[in-house]
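In: Sequence and predicted structure, then a few things I'm wondering about:
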Amino acid sequence: MDRPARRATLTIALCFIVALIEGFDLQSAGTAAAGLRQTFALDPKMMGWVFSAGIIGLLPGAFFGGWIADRIGRKKILIAAVLLFGVFSLSTAYVEHFSSLLLVRFMTGLGLGAALPNLIALCAEAVGEQRRGTAISVMYAGVPLGGALAAVVAMLFGEHWQMTFFIGGLAPLLVVPLMLLWLPESSAFRQAQGDSGSSRGSTAQALFGEGRGRTTLALWLSYFFTLTVMYMLLNWLPSLLLEQGFSRPQAGLVQMLFNIGGALGSLLGGLLLDRCNGVKVVLFVYAGLLSALAGVGLSVGIVPMAIAGFAAGLFVMAAQLVLYALAPPSYPTAVRATGVGAAVAIGRLGSVAGPLAAGQILAAGGGTTAVLLATSPGLVVATLAVLGVIRYSAGPGLGAAKSVV
């Protein structure tokens, strides 16, 4: 294996490990929801704020994590982000008041948000254009797998919800030395740093200059509505299943299958994007997601619910992967993390809206079906927006896209 190939493999492997831990921490509050609710005497609205506090932190974390990384390096910001969410995830196990719980979840989200655009940028820049979708897929598959591990931990330790946050806090702190030693900085970033012609300009110029305005706005719309559904499922799925009458072990099983499906969906999405027409991939993924959500709302037995949960995870993570693979080639290297970070940050507005809206609907007496029906119009808008991104950036199919370097 030659040196560039070794660097690419090492980058993707270490980013996969970070994504695995990120997925664990992203779903920790959801899998520990029953214990948190009992310990802090939370009603549905308060529970919605606990979920959303972490997600609110993701928004500035994603934007500033990308913006600063374009100036001082992807590796430095990624390591700082991992340290941040590790420390505050660990702190979650020790807080005693509702206000403190909201604060540590916000700070955890800040670190998680800063990590993601740099994971995407590092993997996108580690390989050639034709393998970009696959590289991001392999890395991002760690997120649902980490979520599945969080579900397993919640099932194994039952009422000891603090164990989820012990593991979610210690794991990132242990991986930081490995990143310091072995994670290479992006060679594309270093080249852009040394290229006097690679001027970043203002943030507005980075996002909207040189004809990128329509692509940026379409990315933002698709991220917003897709992440609304994504984080509603990540945070509320166990509670929605309990509300439908399933037992806690059954809810844990469906949550685990949801995440396993997500890991497969991530890998499938990347392979399809690198090999097939982008429009067909988008239509297939979003139609599948709408069908899976209908299955979650209508299933009455554990077997059909398990199948629906698996399918929901597969298609929602494939949709997420489509978005993460489309963003990097839409921006030049010098502003790539800024562009990706801004899109992720806008998506976090949807991430906040999803859990909060679900909490409000449930508090008003609506059931699982009402929550899922409310997501459908947004998914239609997201589908049209993603198709717009492909049209503006890649012509008739994603395979026609040309990386901007």
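Out: Arrived safely, thanks for sending.
In: make it CA atoms for all contacts and neighbour counts henceforth
Out: OK.
In: Low-confidence ranges, the stretch 101-250 of the chain, go.
Out: Scanning the stretch 101-250 of the chain for pLDDT under 70 picks out 195-201.
In: helix, strand or coil for the closest residue to Leu349 other than its chain neighbours?
Out: Using Cα to Cα, 6 or more residues apart in numbering and skipping the chain neighbours, the partner closest in space to Leu349 is Phe224 (6.4 Å). Secondary structure assignment for Phe224 (DSSP: H, G, I helix; E, B strand; the rest coil): helix.
In: Could you report the distance from Gly278 to Leu14?
Out: Counting by Cα to Cα, to the nearest Å, the separation of Gly278 from Leu14 is 28 Å.
In: before we move on, the earlier item: burial count for the residue nearest to Leu349?
Out: Close neighbours of Phe224, defined as other Cα atoms under 10 Å, add up to 28.
In: Gly278 and Leu14: who's more crowded?
Out: Higher neighbour count among Gly278 and Leu14: Gly278, with 26 against 19, using other Cα under 10 Å.
In: Wait, the more buried one touches Ile390, no?
Out: Yes: contact criterion Cα atoms under 8 Å: Gly278 and Ile390 qualify, at 7.0 Å.
In: tell me the contacts of Val285?
Out: Neighbouring residues of Val285 by Cα atoms under 8 Å, 6 or more residues apart in numbering: Phe315, Val316, Ala318, Ala319.
In: Closest to Phe85 out of those residues?
Out: Within those, the smallest distance to Phe85 is 24.3 Å, found for Val316 (Cα to Cα).
In: need the contact list for that closest one.
Out: Thr226, Val229, Met230, Gly262, Gly265, Val285, Tyr286, Leu289.
In: among the residues you listed, which two are most distant?
Out: For the contacts of Val316, with distances taken as Cα to Cα, the pair at the greatest spread is Val229 and Gly265 (15.5 Å).
In: neighbour-wise, which of those two wins?
Out: Gly265 (28 against 24).
In: and the closest residue to the more buried one other than its chain neighbours, what helix or strand is that in?
Out: Of all residues not flanking Gly265 in the chain, Leu314 sits nearest, at 4.1 Å (Cα to Cα, 6+ apart). Using DSSP states H and E, Leu314 maps to helix 302-326.
In: Please apply the same query to Leu14.
Out: Per DSSP H and E: Leu14 is located in helix 3-31.
In: outside of whichever helix or strand comes after that helix, which residues touch it?
Out: Following helix 3-31 in sequence order, the next helix or strand is helix 33-40 (DSSP H and E). Under the contact criterion Cα under 8 Å, 6+ apart, helix 33-40 has outside partners Ala29, Leu42, Asp43, Met47, His97, Phe98, Glu159, His160, Trp161, Ser239.
In: The fourth one: what's it in contact with?
Out: I take that to be Met47. Ala33, Arg37, Gly359.
In: do you know how far the closest residue in space to Gly388 that isn't next to it in sequence is from Phe64?
Out: In space, Gly388 comes closest to Ala218 once its chain neighbours are excluded; the distance is 6.2 Å by Cα to Cα, 6+ apart. Computed as Cα to Cα, the Ala218 to Phe64 distance reads 21 Å.
In: My read is that the residue nearest to Leu349 contacts Val352, right?
Out: No: using Cα under 8 Å, Phe224 is not in contact with Val352; the gap is 9.8 Å.
In: I'd say the residue nearest to Gly265 and Ser266 touch.
Out: Yes: counting by Cα under 8 Å, Leu314 does reach Ser266; the two are 7.3 Å apart.
In: So these two - more neighbours on which side?
Out: Ranked by neighbour count (other Cα under 10 Å), Leu314 and Ser266 place Ser266 first, with 32 against 29.
In: Could you pull up the residues touching that one?
Out: If you count contacts by Cα under 8 Å, 6+ apart, Ser266 has them with Ser137, Val138, Tyr140, Ala141, Leu314, Met317, Ala318, Gln320, Leu321.
In: quick one: contacts for the third one?
Out: To tie it back to what came earlier, the one meant is Tyr140. Listed by Cα under 8 Å, 6+ apart, the contact partners of Tyr140 are Phe16, Ala19, Ala263, Ser266, Leu321.
In: Can you tell me the closest non-neighbouring residue to the fourth one?
Out: Which is Ser266. Take Ser266 and drop its neighbours on the chain: the residue closest to it by Cα to Cα, 6+ apart is Ala318, 4.8 Å away.
In: Can you name every helix or strand that the helix or strand containing the residue nearest to Gly388 contacts?
Out: Taking DSSP H and E as the definition, one finds Ala218 inside helix 213-243. Helices and strands touching helix 213-243, as assessed by 3 or more Cα pairs under 8 Å, 6 or more residues apart in numbering; DSSP states H and E, comprise helix 3-31, helix 203-208, helix 248-275, helix 302-326, helix 336-363, helix 376-394.
In: returning to what we had before: which among the contacts of Met47 count as buried?
Out: Buried members of these, counted by 16 or more other Cα atoms under 10 Å: Ala33, Gly359.
In: quick check, nearest of the contacts of Met47 to Ala8?
Out: Using Cα to Cα, Ala33 comes nearest to Ala8 of the contacts of Met47, at 37.9 Å.
In: From Val300, how far out is that closest one?
Out: The spacing between Ala33 and Val300, counted by Cα to Cα, is 23 Å.
In: what's the answer for Ala19, then?
Out: In this view, Ala19 and Val300 are 33 Å apart by Cα to Cα.
In: The two - which one has more neighbours?
Out: Higher neighbour count among Ala19 and Val300: Ala19, with 25 against 13, using other Cα under 10 Å.
In: what about the residue nearest to Gly388, neighbour count?
Out: For Ala218, the count of nearby residues is 21 (other Cα under 10 Å).
In: cool, and the one 5 residues further on?
Out: Burial of Tyr223, expressed as a neighbour count using other Cα under 10 Å, amounts to 27.
In: swap in Leu384?
Out: 15.
In: Just the pLDDT at Ala400, thanks.
Out: Model confidence at Ala400, given as pLDDT, is 38.
In: what separates the residue nearest to Ala93 when sequence neighbours are not counted from Arg6, distance-wise?
Out: Among residues not flanking Ala93 along the chain, Gln162 sits closest, at 4.8 Å (Cα to Cα, 6+ apart). With distances taken as Cα to Cα, Gln162 is found 39 Å from Arg6.
In: So for those two, which sits in the more crowded spot?
Out: Each of Gln162 and Arg6 has its neighbours counted (other Cα under 10 Å); Gln162 has more, 20 against 11.
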